[in-house]
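J.: Using only what follows, build the 3D model:
(chains A and B)
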Amino acid sequence: MFKTYIKKPARRRALKLTILTILVGGAMAYALWLFSENMMFYLSPADVSKNPPAPGERFRLGGLVKKGSLSLDKHQTWAFYIIDFEDEVPVRYKGTFPGLFAEGKGAVLEGHLTSDKTFKANQIFAKHDETYRPPTQKAPDG
Amino acid sequence: MSTQGKSPLLWKNYLRPQKFLSVAQSWAPRLLCSGILVFLFGIIWGLFLAPTDAQQGEGYRILYLHAPCAWLALGLYAAMGGASGAALIWKHPLSYTVTLALAPVGTLFAALCLITGSLWGQPMWGTWWVWDARLTSMFILFMLYVGALWLRIDLHTYRLREASGLFYLNLMGLLNLPVIKFSVEWWTTLHQPASLLRLNGPAIATEILIPLLISAVGLMLIATGFVLLLVRGEIYKLKFQNLQRVAPFHGKESL
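T.: Next up is the predicted model:
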């Protein structure tokens, strides 16, 4: 039955292209899976505590800015915690913040760990979530 | 003249370039005009009447341009990949011309998506650009469009059959689309996750969602109108080429 079905040249070409697409797609998926760690834009606090990068090694740290943790010391250095649902990482930062940066909101920081397990940030990006609602409307849970 | 498809209802009728030409001729201006009206309606609603966003304030309103452009860039690429696959399988002249017509329109929307996204990123994230998985895969989509535009030049200079490289590129480029869609789920990104097509339903309030969808429909109509216009041009070019082949001009070398 297959032999008669495949006799039409168009069907043969369709089959060839399907196989080609599956092969290329499979190779691509495998490559993406292999390099998945490098595709991550940032590490979460849980990633950092499970598998901490060496002090001085540059990476990005992302999560929520812990509510009530933001403080400014006399050397004009900001201190706060970046948290996820499992862990938290103390952060030191000297500089300006993007407009959306706030306690309880998402942020991605570039920098490195110091020897006392504190993250020294050089640059901060704010990360907003996917919800869009008027200020009068109650936020969804969480 | 035709040997097949006498009934006007037969869908294959519309695949005949001559029939397609007349349909495109009457529909392109209708789609363009109605699309501009719908888009203006949606974008004015979004920019001036829709409520402020609780998180991002007024600056979020570029969403009404950015998200529809992104959806169209992806949708047009899906169509172009499909037409390229059809070109390779059935070698139908309409599939060639549709592939050629989709490339510039898709490039426009991919570029608009990147530009509006960049303008949005600067005030909100604090950067014009980062190489996270979503932005990178979207940039690759733009480069695939540029590749399609680049290869299409050969299509007119040389004979159509020799241009299958373009169709293979577009077909394989389809594999990038799921990567773009799921990049925000598979990897950590600075870009937000999906707001509309997500497991728990849209995360956009209705007052914001409605003008967004209207703006998207308007741009979709405009894009379709443009594509039909360009398909017409491509069909005429093809006819001219065929004429040249059948009855070459005297002194053609000087052309």
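J.: how far away is A:E130 from chain B?
T.: Computed with Cβ to the nearest Cβ, to the nearest Å, the distance linking A:E130 and chain B is 4 Å. In short, each C-beta sits where N, CA and C put it, glycine included.
J.: Who are the packing partners of the host helix or strand of B:N242?
T.: Following DSSP states H and E, the helix or strand that holds B:N242 is helix B:206-246. For helix B:206-246, the contact count by 3 or more Cβ pairs under 8 Å, 6 or more residues apart in numbering or on different chains; DSSP states H and E identifies helix B:17-44, helix B:63-90, helix B:93-124 as packing neighbours.
J.: how about the nearest residue to A:D73, chain neighbours excluded?
T.: Here the nearest residue to A:D73 in space, its sequence neighbours aside, is A:A79; by Cβ to Cβ, 6 or more residues apart in numbering or on different chains that works out to 6.5 Å.
J.: Report whether the one you found is found in a strand, as I expect.
T.: Yes - secondary structure assignment (DSSP: H, G, I helix; E, B strand; the rest coil) places A:A79 inside a strand.
J.: count of residues packed around it?
T.: A:A79 has 14 neighbouring residues, counting by other Cβ atoms under 10 Å in any protein chain shown.
J.: do A:Q76 as well
T.: A count of neighbours around A:Q76, defined by other Cβ under 10 Å, yields 8.
J.: Confirm for me that it is in contact with A:Y93.
T.: No - in this structure, A:Q76 sits apart from A:Y93 without contact. The criterion is Cβ atoms under 8 Å, and the distance is 10.3 Å.
J.: Dihedrals phi and psi, the residue of chain A found nearest chain B?
T.: For chain A, the residue closest to chain B is A:P98, as judged by Cβ to the nearest Cβ, at 2.7 Å. According to degrees, to the nearest 10, the main-chain angles of A:P98 amount to phi -70, psi 160.
J.: residues contacting the closest residue to A:Y81 other than its chain neighbours?
T.: Using Cβ to Cβ, 6+ apart and skipping the chain neighbours, the partner closest in space to A:Y81 is A:K66 (3.8 Å). Going by Cβ atoms under 8 Å, 6 or more residues apart in numbering or on different chains, A:K66 touches A:80-83, A:88, A:103-104.
J.: of the residues you listed, buried ones?
T.: Among the contacts of A:K66, the ones that count as buried by 16 or more other Cβ atoms under 10 Å in any protein chain shown are A:80-83, A:88.
J.: ok, A:H112 - how many residues close by?
T.: By other Cβ under 10 Å, neighbour count at A:H112 equals 17.
J.: Correct me if wrong, but it is in a helix.
T.: No - A:H112 sits outside any helix when classified using three-state DSSP, being strand.
J.: Next one, pLDDT for it please.
T.: pLDDT, A:H112: 96.
J.: who touches it in this structure?
T.: For A:H112, the contacting residues are A:53, A:55-59, A:119-120, taking Cβ under 8 Å, 6+ apart as the criterion.
J.: hmm, back to that, gap between the residue nearest to A:Y81 and A:P52?
T.: 19 Å (Cβ to Cβ, to the nearest Å).
J.: try B:L102
T.: Distance, B:L102 to A:P52, by Cβ to Cβ: 49 Å.
J.: quick one: which of those two has more around it?
T.: For B:L102 versus A:P52, neighbours defined as other Cβ under 10 Å are more numerous around B:L102 (28 against 13).
J.: Could you tell me which residues make contact with the more buried one?
T.: The neighbours of B:L102, taking Cβ under 8 Å, 6+ apart as the test, are B:76-77, B:79-80, B:83, B:227.
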